[in-house]
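Give me coordinates for this.
(one chain, ligands or ions: 1)
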Amino acid sequence: MPEDRTGTQPTARVRAAPLAAWGEQVFAAIGCSPREAGQVADALVESNLFGHDSHGIGLVPLYVDDARGGHAVPGRDPRVVSDAGSMVVLDGERGFGQSVGEAAMELAIERARAHGCAVVGLRLTHHLGRIGRWGEQCARAGLVSVHFVNVRSTPLVAPWGGSEARVSTNPVCIAVPHAPHPLVLDYATAAIALGKTRVAFDEGAAIEPGLMLDAHGEPSTEPGVMWQAPRGAILPFARHKGWALSVMCELLAGALTGGGVQDGVHIHPMLNNMLTLAFDPARLGTAASLGPEVATLAQWARSARPLAGSDGVLLPGEPERRVAAQREREGIPIARRTLDSLAACAASLGVPPPPEEPTP
Ligand SMILES: NC(=O)c1ccc[n+]([C@@H]2O[C@H](COP(=O)([O-])OP(=O)(O)OC[C@H]3O[C@@H](n4cnc5c(N)ncnc54)[C@H](O)[C@@H]3O)[C@@H](O)[C@H]2O)c1
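As a prediction, the model looks like this:
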């Protein structure tokens, strides 16, 4: 569950709106249109608001480096590779995932409305960020959606039974429309998202045991094993179950979209492929009963005697809303080391440093 973590490094608080406005200046400076700069900056800051700092504003220097290296290209629209009505394949052409992804979901929504369901492959796009954002876009249109992603970056995750990294963190998302907010399952098939090891590294915090191996294949709690050579590996989540799901991400998002599976050769800093299945629950005849069924399940699940020390029983998507309510009130905590790297990146583009304010 996302939470406001504290390690040994100092942390400042920053309001979401000025932080997003600062991010827009950075992305405009590397050639994004005002609309695209806003899409990228808003998506990153939304991740911070939802407690997923791993996918937040701290990614700006990596995105800027990728744009400089031609690995992320401003101003791209997804190109249609094949179109069979309810089934479409798009090529993101290394465009920013935040703009290309939004356009791909608009098409998925349009096709699901026309046909009842749609399968949309989006291949070879730059980082799609927090995949829950795409599930939430579909849910706002009243659609249920399922998203499989494979990541063509440096291998980070060991296969179950292996002691060296072979695949990446390959996230999965399932979103179901509901009021006041959708139910959203959205996580990496790795035991921990890579970005969370970066946030812990920046904060000087340890990682809980059982999630990572060092370069010799020995268990480690030191986040530096993922950020200093020789690099270790993250384990799959839930032992063999996470590995098996990650294999399916490789096949559905990589092989079936044409974006390719991990092969240890064609490695890109942050390339994503995503297969989206979106459908209209009204076509199943159960749209009206969906809300009451969610309420029944929630009430029954929450009737379980609380486990000592837990936050109680939550449904997928609820932890993010709780953190967002707190961070809207109090600001977003950002490690000093992260703010320093943002300021250095901004200075290299002639953009002022990110805003910050004293901790209340
Ligand atoms: N684009 C990429 O390349 C990429 C790669 C990996 C991860 N990611 C993103 O990283 C983000 C973080 O992934 P993660 O693996 O660290 O997520 P996580 O382990 O924090 O799990 C988050 C999910 O678990 C649910 N959850 C948390 N606590 C819960 C509880 N008590 N009861 C019920 N549900 C609960 C949340 O609502 C959410 O759906 C995700 O948004 C993911 O899409 C992206």
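
what does the chain put close to the ligand?
For the chain, the contact set with the ligand under C-beta under 6 Å from any ligand atom comprises 1-2, 52, 54-55, 127-132, 149, 151, 169, 171, 184-188, 193, 196, 272, 314-317, 319-320. Glycine gets a C-beta too; all of them are placed from N, C-alpha and C.

Buried members of the residues you listed into PyMOL, please.
Burial among the residues of the chain next to the ligand is assessed by 16 or more other C-beta atoms under 10 Å; the matching PyMOL selection reads:
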select buried, resi 2+52+54+55+127+128+129+130+131+132+149+151+169+171+184+185+186+187+188+193+196+272+314+315+316+317+319+320
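
Where does the most far-flung residue of the chain relative to its centre fall, secondary structure wise?
Computed with C-alpha atoms, centre = their mean, the residue of the chain farthest from its C-alpha average is R305, at 32.4 Å. Assigned by DSSP states H and E, R305 belongs to no helix or strand.

for E36, same thing?
Here E36 is assigned to helix 34-49, by DSSP H and E.

Restrict the next helix or strand after that helix to CA atoms and write it as PDB.
The first helix or strand that comes after helix 34-49 along the chain, using DSSP H and E, is helix 60-68. Provided in PDB are the C-alpha atoms of helix 60-68 (Å, rounded to 0.1, in the frame of the first residue of the first chain):
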ATOM      1  CA  VAL A  60      11.700  13.900 -15.000                       C
ATOM      2  CA  PRO A  61      15.500  13.600 -15.400                       C
ATOM      3  CA  LEU A  62      15.200  10.100 -16.900                       C
ATOM      4  CA  TYR A  63      12.500  11.300 -19.300                       C
ATOM      5  CA  VAL A  64      14.700  14.300 -20.300                       C
ATOM      6  CA  ASP A  65      17.700  12.100 -20.800                       C
ATOM      7  CA  ASP A  66      15.600   9.700 -23.000                       C
ATOM      8  CA  ALA A  67      14.300  12.700 -25.100                       C
ATOM      9  CA  ARG A  68      17.900  13.900 -25.500                       C
END
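
So which elements touch helix 60-68?
With contacts taken as 3 or more C-beta pairs under 8 Å, 6 or more residues apart in numbering; DSSP states H and E, helix 60-68 sits against helix 16-29, helix 336-347.

related to what we said a few turns ago, and the helix holding E36 with helix 16-29, angle?
Relative orientation of helix 34-49 with respect to helix 16-29: 140 degrees, computed using axes from the mean of the first three to the mean of the last three C-alpha atoms, to 10 degrees.

Buried residues, stretch 154-174. List them.
Buried residues in stretch 154-174 (16+ other C-beta under 10 Å): 155-160, 162, 165-174.

and these, which of them are in strands?
171-174 (DSSP state E).

Tell me how far the helix holding E36 lies from the chain's centre.
13 Å (C-alpha atoms, centre = their mean, to the nearest Å).

before we move on, back to that, identify, from the ones in strands among the buried residues of stretch 154-174, the entry nearest to V73.
P171 (22.4 Å; C-beta to C-beta).

Quickly list what the closest one is bridged to.
A188 (DSSP bridges).

My read is that it contacts V184, right?
No - with contact defined as C-beta atoms under 8 Å, P171 does not count as touching V184 (11.9 Å).

Could I get the full set of strands for the protein?
With DSSP E, the ranges of strands along the chain come out as 11-14, 79-83, 87-91, 117-126, 144-151, 171-176, 183-188, 212-213, 219-220, 233-234, 271-279, 332-335.
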